[in-house]
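**Student:** Give me coordinates for this.
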Amino acid sequence: MGTLAIRALRGQAPAQTPAQAPDLQAPCVPAAPGVQAPCIPDAPPSQSPFPSLPHPSLPPEGAVLERARVRLAAVAEAGRLVAGGLTQAEADRIAAGAAGVSPASVASWRARVRGLGPEARLAALMDAPRRGRPKGGGGACGGDGGGAGGGTSEETLDDLLAALAFEHGAHLTASHVARVARVRLHVDLSLRSLQRRLAAFRKEHARDLSAVSDPDGHRSRRAPAFGRRSENAQGVIPQPNALWELDSTPADVMCTDGRQTIVGAIDVGTRRGRLLVVPVSRATAICALLRRCLIDWGVPEVVRTDEGRDYTSAHLVRALADLGITHDICPPYTPEAKPFIERFFGTTARDLFAYLPGFVGHNVADRKKIEAKRSMAARRGKDGRETFSVALSAAELQARCDAWTDGIYHTRPHAGLGGETPAARARAWTDPLARIADVRALDPLLAEPVRGGGTRVVQKEGLRIAAHWHIAPELGPLVGERVGVRRDPAEPGRVLVFTEDGRFLCLAGEATGQARAAVAAQARARAKKADSAARARARKLRRGQTPERAMDDVLEAARSATARVVDLPRSADPHETPALGAAGAAARAARAMTETGQPGAARVNSDPFRAALRQLYLEEDQT
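**Tutor:** This next block holds a predicted model:
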């Protein structure tokens, strides 16, 4: 069967007669080098073993049979070309061109009929009925993939549906799937069937869709929570101050001075909590809350936070290190790693903030519901403060937070404590707890470091901080040294100066006029005293160590070590050059004249000496 026969099976009229199309006549295929090209004439359509079917008017079953016949004819044509001497690739290319498919399709069809009898080959190449296939679908050959004019497989459609569902989650619609399938798979699918398929996929893969499209909600609803995170390996709740958790969250109450931030802390062992209302979460605010908890509860062993910039700042990290507290930083995007402070915030929002004026809701949906309570006329022309009945200042909100934690939350039974209250759990602990002996030491320890890493180099004029010079007599001997600097919380114009290893040095401040002159005089006196002490120590060490003779000792030790090493004689080959021979003669003549010491001898030996020198110079001139 030739290419014209294959075209006839596809229902296509040949564009040219065999006489007009020499590429379809013998010899029609160029021969490879050393191989004689076969003469393979095309058979007319009437010689095909499969009669041509009127393709445009075929029912779906007839179209399937027609495609199978064309595929089988293409496989047979490729086999005939190979028998005539062509390579398999060339044969597949020619047969595929006649069938209007790719060579890979011909190879795939050949694999499907390999080893089958004549009766089974046609059935093997027929398309199985597929749900969602367009009626009469595709071209005559119907390819095996999602190519133009071909059908599509259930597996391909399922993969497309799954990819779209994972990408768009609950927002995916069946109409969008139909649009994408029409463009990518070249099929028209029933909208109703796609709706059923999409609903079935969401029901069967609900957990996978939740994990991919809504990770936070998935973590809250589906993450295993077997046991209690507050219990250790032995099922015992840790002792007080074994672990604190700290975090920050926007306040759900709008204040008269703007939306505030809540910084919270909770002691896991007792469930005691503290809240601090601040404009923004910064290291200074966190240290302020930490100071209050240290005074009220004692010193914790571990403080657990997230990896936010405010919780990993040099200020907070240095403060915890100075206090001897271990800082446990949670991995990113793991709020479940600190569940107690998250639950504490949720309890605060539901039990306190929801009943305060200015409550804006826990999320956007809650906020919209609160806004909807007021009629459009009541809200028209009013800002957010009027809409939410804002009445509390930040200080008033702080007072209500303190009253709620001390009077309600600490005195209410807690399920995580087996029905015991946080206050009772704290009072029941009788073992000693670590506490700060001098609470005033917390002020400089937790003070905010100056910008630039919290350090400065002492210059001749003092410490330059925010365009101002801060001086102190103690800084006189430290010019050129780097020191740690923190702001004095009790005096804005004063700083606390520490050594780089944390030792306190002095208080430095701004000074003018006579005060500045007095401080400068004291600084110079201290510097002079330090210089004198250094020079005195140097003289004392010089007398005892004699550093000026140290190099002589080193050289003498080297000479002694060298003298103890004797090199054995080695055999050598003499190295001679004309210049070396002339120089040797000159040296011998000079030595002989010097040894005789007589003027006559000098005259006698002068000729050989001059001859040697002349020969030497001539040798040099020649070179």
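**Student:** Backbone torsions only: list them for W469.
**Tutor:** phi -100, psi 130 (degrees, to the nearest 10).
**Student:** so A107 touches R93, yeah?
**Tutor:** No: A107 is not in contact with R93 according to C-beta atoms under 8 Å; the separation is 10.5 Å. For glycine as for every other residue, the C-beta is placed from the backbone atoms N, C-alpha and C.
**Student:** domain parsing for this protein?
**Tutor:** 3-124, 154-221, 243-356+392-428, 447-527, 580-622 (automatic domain parsing).
**Student:** Let's have the ones you listed in TSV, adding mean pLDDT and mean neighbour count.
**Tutor:** What follows is those, written out as TSV (pLDDT from 0 to 100; neighbours: other C-beta atoms under 10 Å):
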stretch	mean pLDDT	mean neighbour count
domain 3-124	64	17
domain 154-221	85	15
domain 243-356+392-428	93	18
domain 447-527	86	16
domain 580-622	66	13
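**Student:** Now distance to H362 too, for those, in a markdown table please.
**Tutor:** A markdown table is the format used below for the domains of the chain (distance: least, C-beta to C-beta, whole Å):
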| stretch | distance to H362 |
| --- | --- |
| domain 3-124 | 57 |
| domain 154-221 | 13 |
| domain 243-356+392-428 | 6 |
| domain 447-527 | 32 |
| domain 580-622 | 101 |
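**Student:** Show me the one of those domains that comes nearest I436.
**Tutor:** In terms of C-beta to C-beta, the element of the domains of the chain nearest to I436 is domain 243-356+392-428, at 5.8 Å.
**Student:** Excluding covalently adjacent residues, which one is nearest to the residue at minimal distance from the centre of the chain?
**Tutor:** By C-alpha atoms, centre = their mean, the chain has its centre lying nearest to P332, at 10.3 Å. Closest residue in space to P332, ignoring its immediate chain neighbours: E307 at 5.7 Å, by C-beta to C-beta, 6 or more residues apart in numbering.
**Student:** same check, this time on A170
**Tutor:** Per C-beta to C-beta, 6+ apart, closest to A170 is S213, 7.1 Å.
**Student:** Touching, that neighbour and R202? I think so.
**Tutor:** No: using C-beta under 8 Å, S213 makes no contact with R202, being 10.5 Å away.
**Student:** roughly how far apart are the closest residue to E481 other than its chain neighbours and E448?
**Tutor:** Of all residues not flanking E481 in the chain, V458 sits nearest, at 5.4 Å (C-beta to C-beta, 6+ apart). V458 sits 20 Å away from E448, going by C-beta to C-beta, to the nearest Å.
**Student:** next one: A520
**Tutor:** Distance from A520 to E448, by C-beta to C-beta: 28 Å.
**Student:** Quick check: phi and psi at the residue nearest to E481.
**Tutor:** Phi and psi for V458, reported as degrees, to the nearest 10, are phi -70, psi 120.
**Student:** Surely it is in contact with V485?
**Tutor:** No: if you go by C-beta under 8 Å, V458 and V485 don't touch, sitting 9.8 Å apart.
**Student:** Strands of the stretch 151-300 of the chain, start to end?
**Tutor:** All strands of the stretch 151-300 of the chain, identified by DSSP state E, counting those that start in this stretch, fall at 243-255, 258-267, 273-278.
**Student:** The residue nearest to P332 reaches Y333, doesn't it?
**Tutor:** No: using C-beta under 8 Å, E307 is not in contact with Y333; the gap is 9.5 Å.
**Student:** ok, C330 - contacts?
**Tutor:** Counting by C-beta atoms under 8 Å, 6 or more residues apart in numbering, C330 touches 304-307, 337-338.
**Student:** Of those, which belong to strands?
**Tutor:** Among those, the residues falling in strands (DSSP state E) are 304-305.
**Student:** that older thread, ok, now which ones touch the residue nearest to P332?
**Tutor:** Shown in contact with E307 (C-beta under 8 Å, 6+ apart): 329-332.
**Student:** In strands, which of those fall?
**Tutor:** The strands, defined by DSSP E, take in I329 from the contacts of E307.
**Student:** In the contacts of E307, find the pair that's most separated.
**Tutor:** By the measure C-beta to C-beta, I329 and P332 form the most distant pair in these, at 9.5 Å.
**Student:** Now the element after the longest helix seen in the chain, going C-ward?
**Tutor:** The residue-count maximum for a helix in the chain (DSSP state H) belongs to helix 513-545. Following helix 513-545 in sequence order, the next helix or strand is helix 550-563 (DSSP states H and E).
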